[in-house]
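K.L.:
Quick check, what structure comes out for this input:
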Amino acid sequence: MTEALGSRYETANASATLTGLVLAGLANNPGRVAIRCEGADLTARQVLEDVHRTARALLETGLGRGDGVTVLAGNRPETVVVRLAANLIGCRIAMLYADRPVADQLATALDARTTAFVFDPQRFGPAAARIAAGMPEALLLALGPTGLGEDLLRLAAPHSPRPVAPRFRPEDVMAIRFTGGSTGRPKGIQRYFARPTRPPLEDAGTFLLCTALCHGGGTTADLALAAGGTVVLQEGFDAAAVLAAVERDRVTRVYLPPHLLHQVLDHPDLDRTDTGSLRRVSYTGCLPSPERLAEATRRLGPVLHQTYSLTEAGPVTRLHPQEHLDPRLLTTAGRPFPDSGVRILDDRGRDLGPGRTGEIWVRTPTMMSGYWRNPELTAQVLHDGWLRTGDLGRLDAAGYLIVEGRRGAMAIVNARNVFPRDVEGPLLTHPAVREAVMFSTVDRDRQESVHAAVTTVPGVAVTAEQLRRWVRELNGPHSEPRSVLLLPRIPITEAGKPDLAALRTLTSTR
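P.N.:
Below is the predicted model:
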């Protein structure tokens, strides 16, 4: 069977498509454990057979090449199977963020031009019913028994597990990846089946996915399966569960955005957990604390790997594990990948020299061709093969990128520009502060104010006024936050970024 499957995917130009790579990776070593979830193991053969059964069931419903399949489900094996099966028959996939309001989820599903809506009835039944009511023409398919639509698992069960001929073409849209919406309405990025293998497939190992499958960790999971590895799925982040899985399953790789990494470092189980299997702890998404990065390297070893990545472009720069041993580099996002370009431009489109802050423009082989159904926005951000990121930063003399924050996250206070690093940087040097996030509010007169939220070192007393004064003394009165929230934990979105909307709500209620 393995030879037959391998030849099937070779004829589909597997090396040129992400879907083909994953299916070929499953076929090349079918006896291995491919997915581990809640104590249950699925071999690569089982996953592949479920993909073919599900693909046949989807074809039987009338779905085919060019149709849109929107999914609301968590980190479970069936979600992985549905994504692959829908792509195999040429459908494009859109995945909804579970932590967004139902109205936003419905708007995203409509924007994705949904033909079929696949959902987990046990976890998302009420939300799915409201979304389905807003899409009366959509085919409803559930991952389990439900009174809403058809049970896709039941439909798939009697079908043959024999290989289904791929219906996709390299130039077709494989997925619409929606941004996290932290800077406004989520934007859809078109991803095509054809794509370079980037980064190159590495030693398979065991990858732990404890963040949303619909975000960056999902791509890493795909690449792990393509490389012949095992993916351990966890439904949501829990520091104790992450540490237990690392030791029990001998996890070699995990993706932990900074705020999740901090929770692992702060958990009492860390010192009694065997983390020796870890070879890479990847992070991206927001400005990290240099002190916490140094702590992570001391306690976990030289395993940290930072990338500056965008949904629109993929990985742009990287800071290697060994570079994390140099304290001078911990405020940087590393240097560009060999196949990437980074420029710093001013508001008039002129290149700025080392040390000068401007907007970050990037170019990568995996850069998007445009936003989904939004040519106006596409024209605003794509210029002559370069992408305007909307991030502010600078390059140092050695070519390392220092990211200052989102242009939209910048606040104008008393006619002065205040960037996240202006507030977060001083706070993170305070001995009582563990994490710091800057955010802004606008009053009725449309005047902006800067605020901050922090978590503190257990047992170290500090007041909000002391922290405000600390920022003022280190960085001047223009950077002083109007208020500082002392929180037990920074709220984060499903994408692993600080939830600025939640912080603004907390500010308004105090």
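K.L.:
which stretches of the protein aren't confidently modelled?
P.N.:
Where the chain drops to pLDDT under 70, the residues are 1-15, 180-185, 197, 199, 285-287, 407-409, 414-415, 445-446, 510.
K.L.:
Mark out where each domain of it begins and ends.
P.N.:
45-192, 411-508 (automatic domain parsing).
K.L.:
I'd like the ones you listed as a markdown table, with mean neighbour count appended.
P.N.:
C-beta here means a position set from N, CA and C on the backbone, and glycine is covered the same way. Formatted as a markdown table, the domains of the chain follow (neighbours: other C-beta atoms under 10 Å):
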| stretch | mean neighbour count |
| --- | --- |
| domain 45-192 | 20 |
| domain 411-508 | 18 |
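K.L.:
Tabulate these (TSV), appending distance to residue 201.
P.N.:
Formatted as TSV, those follow (distance: least, C-beta to C-beta, whole Å):
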stretch	distance to residue 201
domain 45-192	17
domain 411-508	24
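K.L.:
Out of these, which is closest to residue 351?
P.N.:
domain 411-508 (20.3 Å; C-beta to C-beta).
K.L.:
how far does that closest one sit from the chain's center?
P.N.:
Relative to its parent chain, domain 411-508 has a centroid offset of 24 Å by C-alpha atoms, centre = their mean, to the nearest Å.
K.L.:
How about the secondary structure of residue 244?
P.N.:
helix (DSSP: H, G, I helix; E, B strand; the rest coil).
K.L.:
give the contact list for it.
P.N.:
269, 273 (C-beta atoms under 8 Å, 6 or more residues apart in numbering).
K.L.:
So it versus residue 255, what's the distance?
P.N.:
Taking C-beta to C-beta, to the nearest Å as the measure, residue 244 falls 17 Å from residue 255.
K.L.:
ok, now residue 200?
P.N.:
Residue 200 is 18 Å from residue 255, by C-beta to C-beta.
K.L.:
which of the two has more neighbours?
P.N.:
Between residue 200 and residue 255, counting by other C-beta atoms under 10 Å, residue 255 is the more crowded of the two (26 against 8).
K.L.:
looking at this, residue 124 is in a helix?
P.N.:
Yes - applying three-state DSSP, one finds residue 124 inside a helix.
K.L.:
how far away is the residue nearest to it when sequence neighbours are not counted from residue 308?
P.N.:
Closest residue in space to residue 124, ignoring its immediate chain neighbours: residue 72 at 5.1 Å, by C-beta to C-beta, 6 or more residues apart in numbering. Separation of residue 72 from residue 308 (C-beta to C-beta): 30 Å.
K.L.:
Same question for residue 110.
P.N.:
Distance from residue 110 to residue 308, by C-beta to C-beta: 32 Å.
K.L.:
and the strand or helix carrying residue 190, what does it pack onto?
P.N.:
Residue 190 is part of strand 188-192 when elements are defined by DSSP states H and E. Packing partners of strand 188-192 (3 or more C-beta pairs under 8 Å, 6 or more residues apart in numbering; DSSP states H and E): strand 173-178.
K.L.:
so how far is the strand it packs on from its chain's centroid?
P.N.:
Mean-position distance between strand 173-178 and its chain equals 14 Å (C-alpha atoms, centre = their mean).
K.L.:
List the beta-bridge partners for the residue nearest to residue 440 when sequence neighbours are not counted.
P.N.:
Spatial nearest neighbour of residue 440, chain neighbours left out: residue 411 (3.9 Å); criterion: C-beta to C-beta, 6+ apart. Legend: beta-bridge partners of residue 411 under DSSP bridges are residue 418.
K.L.:
Just the element for residue 288, please.
P.N.:
Assigned by DSSP H and E, residue 288 belongs to no helix or strand.
K.L.:
before we move on, what about residue 162?
P.N.:
Residue 162 belongs to no helix or strand when assigned by DSSP H and E.
K.L.:
so how far is residue 51 from it?
P.N.:
According to C-beta to C-beta, residue 162 and residue 51 sit 11 Å apart.
K.L.:
Name the surrounding residues that touch stretch 333-350.
P.N.:
Identification of contacts with stretch 333-350 by C-beta under 8 Å, 6+ apart yields 198-199, 306-308, 315-320, 323, 351-352, 356-365, 386, 393-395, 398-403.
K.L.:
What of stretch 449-460?
P.N.:
262, 266, 411, 413, 418, 423-424, 427, 431-443, 462, 467, 471, 479-490, 498, 503, 506-507.
K.L.:
ok so, going back, ok, the residue nearest to residue 440 - contacts?
P.N.:
417, 418, 438, 440, 448, 449, 450.
K.L.:
try residue 175
P.N.:
87, 92, 93, 94, 95, 191.
K.L.:
repeat that with 10 Å
P.N.:
18-19, 68-69, 83, 86-87, 91-95, 112, 188-193, 214, 218-219, 372 (C-beta atoms under 10 Å, 6 or more residues apart in numbering).
K.L.:
taking the residues you listed one by one, which sit in strands?
P.N.:
Taking DSSP state E, the ones among those that sit in strands are 68, 69, 92, 93, 94, 95, 188, 189, 190, 191, 192.
K.L.:
so what secondary structure elements neighbour the helix or strand hosting residue 52?
P.N.:
Using DSSP H and E, residue 52 sits in helix 44-60. Applying 3 or more C-beta pairs under 10 Å, 6 or more residues apart in numbering; DSSP states H and E, we find helix 44-60 packed against helix 2-11, helix 18-28, strand 33-37, strand 40-43, helix 77-88, strand 116-119, strand 139-142, helix 152-156.
K.L.:
Including distance to residue 379, could those go into TSV?
P.N.:
Output for the helices and strands packed on helix 44-60, formatted as TSV (distance: least, C-beta to C-beta, whole Å):
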stretch	distance to residue 379
helix 2-11	37
helix 18-28	27
strand 33-37	41
strand 40-43	44
helix 77-88	29
strand 116-119	31
strand 139-142	34
helix 152-156	39
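K.L.:
quick one: which of the ones you listed is nearest residue 223?
P.N.:
The nearest among the helices and strands packed on helix 44-60, by C-beta to C-beta, is helix 18-28 at 7.8 Å.
K.L.:
and residue 351, backbone torsions?
P.N.:
Main-chain dihedrals, residue 351, degrees, to the nearest 10: phi -70, psi 140.
K.L.:
scratch that, residue 482
P.N.:
Backbone torsions of residue 482, given as degrees, to the nearest 10, read phi -70, psi -40.
K.L.:
Tell me the spacing between it and residue 391.
P.N.:
Taking C-beta to C-beta, one finds residue 482 at 25 Å from residue 391.
K.L.:
again, but for residue 256
P.N.:
21 Å.
K.L.:
which of those two has more neighbours?
P.N.:
More crowded of residue 256 and residue 391, by other C-beta under 10 Å: residue 256, with 26 against 20.
K.L.:
ok, back up a step: what about the helix holding residue 52, distance to the chain center?
P.N.:
For helix 44-60 - counting by C-alpha atoms, centre = their mean - the centre lies 26 Å from the chain centre.
K.L.:
by how many degrees do that helix and helix 77-88 diverge?
P.N.:
Relative orientation of helix 44-60 versus helix 77-88 (axes from the mean of the first three to the mean of the last three C-alpha atoms, to 10 degrees): 60 degrees.
K.L.:
Between strand 33-37 and helix 44-60, find me the angle.
P.N.:
80 degrees.
K.L.:
Alpha carbons only: can I get helix 44-60 in PDB?
P.N.:
The C-alpha trace of helix 44-60 is given here as PDB (Å, rounded to 0.1, in the frame of the first residue of the first chain):
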ATOM      1  CA  ALA A  44      -0.100   7.800   9.700                       C
ATOM      2  CA  ARG A  45      -2.000   5.000   7.900                       C
ATOM      3  CA  GLN A  46      -5.100   5.600   9.900                       C
ATOM      4  CA  VAL A  47      -4.900   9.400   9.300                       C
ATOM      5  CA  LEU A  48      -4.500   8.800   5.600                       C
ATOM      6  CA  GLU A  49      -7.300   6.300   5.300                       C
ATOM      7  CA  ASP A  50      -9.600   8.700   7.200                       C
ATOM      8  CA  VAL A  51      -8.600  11.500   4.800                       C
ATOM      9  CA  HIS A  52      -9.700   9.400   1.800                       C
ATOM     10  CA  ARG A  53     -12.900   8.300   3.400                       C
ATOM     11  CA  THR A  54     -13.700  11.900   4.300                       C
ATOM     12  CA  ALA A  55     -12.800  13.100   0.800                       C
ATOM     13  CA  ARG A  56     -15.200  10.600  -0.700                       C
ATOM     14  CA  ALA A  57     -17.900  11.700   1.700                       C
ATOM     15  CA  LEU A  58     -17.400  15.300   0.800                       C
ATOM     16  CA  LEU A  59     -17.500  14.500  -2.900                       C
ATOM     17  CA  GLU A  60     -20.700  12.600  -2.300                       C
END
